[in-house]
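> What shape does this take:
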Amino acid sequence: MIVGYCRVGPLEPIERLDAQKRDLAALGAQDHFCEKASVFGKMPELERAIEVTRKGDVIAITKPYRVAHSTRGVLALIERLGRKGVGLRILGTPIDTSTTTGRMILGSAPLWSLGASPLRSVLWDLSIGWWRGR
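Below you'll find the model as predicted:
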């Protein structure tokens, strides 16, 4: 089963959720979990999406920054889903951890190709990311 996860930022119009849902439905997503980002960074709908998935399922997203603020965050999510036997598919990229080819591409591609720029990832890790880890 393919589960779609949609998220918009606090300043983005809510209509962008519909566009994400449309893109994910075209991919074959049966269930959609959608939310508007909070100022505090909590993602309860993503947690619900992870809860309902089972081994062999895939969570599909439109952009990596919809699920994490940095490349490190995306990789942590991929690892978490992998322990559960769930794949992550990022539209518009060859990243699909539910396939052998997608995992190979993830292993050989530069990490910044996940969508977060190297500068943005470093700044996040050094500022808020560092503070959260204390």
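
> make it CA atoms for all contacts and neighbour counts henceforth
Will do.

> In three-state terms, label the nearest residue to Tyr5 once chain neighbours are set aside for me.
Nearest residue to Tyr5, sequence neighbours excluded (Cα to Cα, 6 or more residues apart in numbering): Phe33, at 4.9 Å. Using DSSP: H, G, I helix; E, B strand; the rest coil, the structure places Phe33 in strand.

> List phi and psi for Arg54.
Here the main-chain torsion angles of Arg54 (degrees, to the nearest 10) amount to phi -120, psi 170.

> isn't it right up against Gly87?
No. Counting by Cα atoms under 8 Å, Arg54 does not reach Gly87; the two are 10.0 Å apart.

> okay, the two: which has more neighbours?
A count of neighbours by other Cα atoms under 10 Å puts Gly87 above the other of Arg54 and Gly87, at 27 against 14.

> quick one on the thing from earlier: check the residue nearest to Tyr5 and give its pLDDT.
Phe33 is assigned a pLDDT of 95 by the prediction.

> In contact with it: list those residues for me.
Residues near Phe33 by Cα atoms under 8 Å, 6 or more residues apart in numbering: Val3, Gly4, Tyr5, Cys6, Glu45, Leu46, Arg48, Ala49.

> rerun at 10 Å
Going by Cα atoms under 10 Å, 6 or more residues apart in numbering, Phe33 touches Val3, Gly4, Tyr5, Cys6, Arg7, Lys21, Pro44, Glu45, Leu46, Glu47, Arg48, Ala49.
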